[in-house]
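>>> What would the 3D arrangement of this be:
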Amino acid sequence: MKQIHGNTSGLKTNQLHRLEKLYHRRSPQDYLVSQEIARDFGRMSHEIHRQIGLLIDRRGIIRFVIVGDYHGLVIPRLDDYRFGPERLNGLRFIHTHLDNAGLSEEDLADLVLLRMDYIAAITLHSDGTPQSFFCGHLLPKSVDQKNYALHVIDPGQLQMDCRKKILALEAEMSLHEKNQISSKGKERAFLIHVTHPSLKEAANESMNELEELAQSRDVTVVHRVIQYRKKHDARFLMGKGKIRSLALEALQKNANLMIFDQELNPSQIRSITDAVDLRVIDRTQLILDIFAKQAKSRAGKLQVELAQLKYILPRLVTQNSAMSRLTGGIGGRGPGETRLEINRRKVRDRIKYLSAQLLKVKKQRERQKSKRKKRELPVISIIGYTNAGKSTLLNTLTQSNVQAENRLFVTLDPSSRRIKFPQNMDVILTDTVGFIRDLPEALVTAFQATLEQLDDADILLHVIDASNPKYENHIQSVDTILEKLEIQHKPCIKVFNKMDRVHESSPIHFLTEKDCVFVSARKKQSLTPLIELLVDRIGGISAGTWKPE
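Predicted coordinates:
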């Protein structure tokens, strides 16, 4: 006998038997539900003073019988029923309402989040027979910010070509989704940031950066929400009800991805994903994905994969031990090594292999450094916040064609070029990966081999986007990373770039220092003061007379 789900405590044996017998009933495919089934479980709901719900598939077979309390009921997990933006889950949810009210907010959330074929709330007469059916179904696209339609029918209108209508809706949804993908070619993201009410300005800045990161990964941002809380929820970051409300809003805006600005721990990712039935990622995952897309060299790909695996390892989960691998021999009885353990072992083995490969890359770079030292060529490393114009500066100075775009993290693999300065002076100019606020620790660790190149730099060129009002925060973020790498004492020249974008009436007042120049990296003539300063400082280093302030 199939299981009765939900709140069955206190029910009589006869009542449980009558509920179980509902599994043997079948509703015509063209009916929302047959009049006889609606009458029988309506009377039973009236008798036990609890809501009763049925989940019926497209063939009219009752798959779930659910019992709740007077105010509501809980739909069980539907792991065997898959759905997506272009298709429904194949079940319609018919349930009673004892307070004679129509569809509730919770009902509408279930309709949207679980992508039900149909949902209906039955109000009852005083004898328990159906009075009205408050119905709802999803729409292929939003109308007036809603992606569902509601209507009310009488018990005599249950023959409504239900299956035909559902299939037509699903076909239209599939066509609409394909048109959206072909027209935009991008994923649609709903951005969320949770912070303390006193940090409004910082939250807005952080969300602007998250939006830039999403756009750098070719993701369309459909909406962004900043949720203010004095204390973060340990499981959901915010309240579970608020999460479901935001997920409902995200689906109404045709989003298929939720991106959190905070780094989510493994427990939070599981809890939030279970609550919203949408793909959920955090800021770290987004940055890792950008790095994976941009990596071109073997070293870059190794470093990105290592960072991804280190991030994934503590987040590997499994639902059950059905995939356990049985073992034989003494002590081998029992479940043996579970699928989760196998996956974790494979990830650890891969991490070990990648670490060994990166060690070889490090040794190879050390050999290249030793050759440069023999030639006694000064090394100048360009550093700075991502998208500050580092690659553009390298291209202009060396007449190279390193990829440079107005996007975050375009440069991932370091580039080195030899350049001849005035007075017959040869130097090596190196471009490095861009920095960012709160750069994930996994990336700092994985890119240690790349960032260690800064150890051998004679001068650091710190490129700053002068057109960004938050340039001081960017300087601070870069300085923090330099302190982590323990190279904050190296000679450094601050290069305020993009001066052509700074309006004369701009309220920005630059922090001028002794070793500081203002340039527009695209205009070669503006770089003369920088070149003169570099020639002077390199000469000072050679003579041992220049030290950083």
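>>> quick one: the helices in the stretch 301-450 of the chain?
339-375, 390-398, 441-446, 448-451 (DSSP state H, counting those that start in this stretch).
>>> buried stuff in stretch 56-75?
56, 57, 60, 62, 63, 64, 65, 66, 67, 68, 73, 75 (16 or more other Cβ atoms under 10 Å). Just so you know, the C-beta spots here come from the backbone N, C-alpha and C atoms, and that holds for glycine as well.
>>> which pair in the residues you listed spans the largest distance?
Distance extremes for the buried residues of stretch 56-75: the farthest pair is 60 and 68 at 23.1 Å, using Cβ to Cβ.
>>> From the buried residues of stretch 56-75, pick the one nearest residue 154.
residue 56 (19.5 Å).
>>> where along the stretch 51-200 of the chain do the strands fall?
Applying DSSP state E, counting those that start in this stretch to the stretch 51-200 of the chain gives strands spanning 52-57, 62-67, 91-97, 118-124, 130-143, 146-153, 187-195.
>>> Would you reformat the ones you listed as a markdown table and include distance to residue 294 and mean pLDDT?
As requested, these are exported to a markdown table (distance: least, Cβ to Cβ, whole Å; pLDDT from 0 to 100):
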| stretch | distance to residue 294 | mean pLDDT |
| --- | --- | --- |
| strand 52-57 | 45 | 95 |
| strand 62-67 | 46 | 94 |
| strand 91-97 | 42 | 95 |
| strand 118-124 | 44 | 95 |
| strand 130-143 | 34 | 88 |
| strand 146-153 | 35 | 88 |
| strand 187-195 | 17 | 88 |
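>>> Which pLDDT value goes with residue 78?
For residue 78, the model assigns a pLDDT of 83.
>>> Test my guess that it contacts residue 89.
Yes. Under the criterion of Cβ atoms under 8 Å, residue 78 makes contact with residue 89 at 6.4 Å.
>>> Need the overlap of contacts for those two.
residue 114 (Cβ atoms under 8 Å, 6 or more residues apart in numbering).
>>> I'd say residue 243 and residue 274 touch.
No. Under the criterion of Cβ under 8 Å, residue 243 is not in contact with residue 274, lying 10.1 Å apart.
>>> Which one of those two is surrounded by more residues?
Each of residue 243 and residue 274 has its neighbours counted (other Cβ atoms under 10 Å); residue 243 has more, 22 against 12.
>>> how about the strand or helix carrying the more buried one: buried residues?
Under the criterion of DSSP states H and E, residue 243 resides in helix 240-252. Within helix 240-252, the residues scored as buried using 16+ other Cβ under 10 Å are 242, 243, 244, 246, 247, 248, 249, 250, 251, 252.
>>> any idea which of the residues you listed is closest to residue 236?
residue 243 (5.2 Å).
>>> which ones are touching the closest one?
Contacts here follow Cβ under 8 Å, 6+ apart; on that basis residue 243 touches 236, 237, 272, 275, 276.
>>> Equivalent analysis for residue 57, please.
With contacts defined as Cβ under 8 Å, 6+ apart, residue 57 is in contact with 63, 90, 91.
>>> 10 Å instead, please
Residues in contact with residue 57 (Cβ atoms under 10 Å, 6 or more residues apart in numbering) are 27, 29, 63, 64, 81, 89, 90, 91, 92, 117, 163.
>>> which residues does it bridge with?
residue 91 (DSSP bridges).
>>> okay, and the helix or strand of the protein with the least pLDDT?
Lowest by mean pLDDT, DSSP states H and E among the helices and strands of the chain is helix 448-451, with a mean of 60.
>>> Return the set of buried residues in the helix or strand immediately after it in the chain.
Counting by DSSP H and E, the next helix or strand C-terminal to helix 448-451 is strand 459-465. Within strand 459-465, the residues that qualify as buried are 459, 460, 461, 462, 463, 464, 465, counting by 16+ other Cβ under 10 Å.
>>> Run through the neighbouring helices and strands of strand 459-465.
Contacts defined by 3 or more Cβ pairs under 10 Å, 6 or more residues apart in numbering; DSSP states H and E place strand 459-465 against strand 379-384, helix 390-398, strand 425-431, helix 471-484, strand 492-497, strand 516-518, helix 528-543.
>>> The third one - contacts with which helices or strands?
Packing contacts for strand 425-431, counted by 3+ Cβ pairs under 10 Å, 6+ apart, involve helix 339-375, strand 379-384, helix 390-398, strand 415-421, strand 459-465, helix 528-543.
>>> switch to 6 Å and redo it
Where contact means 3 or more Cβ pairs under 6 Å, 6 or more residues apart in numbering; DSSP states H and E, strand 425-431 is packed against strand 379-384, helix 390-398, strand 415-421.
>>> outside of that strand, which residues touch it?
With Cβ atoms under 6 Å, 6 or more residues apart in numbering as the test, strand 425-431 has contacts from 377-382, 390-391, 394, 411, 414-420.
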